[in-house]
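Engineer: predicted model and sequence below, questions to follow.
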Amino acid sequence: MIARGSRRLAALGCLVACGCSTMRELPRDQYASVPERKNVRIETEAGAKLEFERIQISADSLTGLSPRPSEGSFTEYETTSMRLADVRKMSVRMIDWYRTGLILGVGAAVVLAAVLTQTSSSGDPGTGDGPCGPRPCP
């Protein structure tokens, strides 16, 4: 019984983790509204597509950090600088509250339905034993 519950909880956790974030394109006038952003994808006017773990934005330029493969035990970062005028599209990974709420709501409804069906079918009306055993439920 415990293994079944933990499997359901793990499945619900996977659903929530998959549904929590999406890439959202930012309008051009919001590029420099925040000085630092995380998990950014940029498409340049030249057609190059770049992904950065973190970027720092000034009034007219940006500097992006992206991890580069290394043989050591720590992560090395590659720095890329460019003008904001060279950016065609900027997308940022953000939490999608609508999708997250929908997934959590459906998960809660499934758990509630499972609990209610177990409670209503666990007692035997002929013996007087209810879901709490021979003693009365609180």
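Structural biologist: Received it, and whenever you're ready, just let me know what you need. Residues are numbered from 1 along each chain as shown.

Engineer: contacts and neighbour counts: CA atoms only from here.
Structural biologist: Noted.

Engineer: any weak-confidence spans in this protein?
Structural biologist: When the per-residue scores of the chain are filtered using pLDDT under 70, the ranges that remain are 1-5, 12-19, 119-131, 138.

Engineer: what about 90?
Structural biologist: Segments of the chain classed as low confidence (criterion: pLDDT under 90) are 1-25, 28-34, 58-60, 66-77, 93-138.

Engineer: all strands for it, in order.
Structural biologist: Taking DSSP state E to define them, one finds strands in the chain at 21-25, 36-44, 49-57, 61-68, 76-83, 87-95.

Engineer: and the last one with strand 49-57, angle?
Structural biologist: Think strand 87-95. 80 degrees (axes from the mean of the first three to the mean of the last three Cα atoms, to 10 degrees).

Engineer: just want the angle from the longest helix anywhere in the chain to strand 21-25.
Structural biologist: When every helix of the chain is counted residue by residue (DSSP state H), the longest turns out to be helix 97-121. Inter-element angle recorded for helix 97-121 and strand 21-25: 160 degrees (by the same axes, to 10 degrees).

Engineer: put together JSON lines for the strands of the chain, with distance to Gly101 and mean neighbour count on each row.
Structural biologist: Conversion of the strands of the chain to JSON lines gives the following (distance: least, Cα to Cα, whole Å; neighbours: other Cα atoms under 10 Å):
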{"stretch": "strand 21-25", "distance to Gly101": "12", "mean neighbour count": "15"}
{"stretch": "strand 36-44", "distance to Gly101": "22", "mean neighbour count": "18"}
{"stretch": "strand 49-57", "distance to Gly101": "26", "mean neighbour count": "17"}
{"stretch": "strand 61-68", "distance to Gly101": "31", "mean neighbour count": "17"}
{"stretch": "strand 76-83", "distance to Gly101": "35", "mean neighbour count": "14"}
{"stretch": "strand 87-95", "distance to Gly101": "11", "mean neighbour count": "17"}
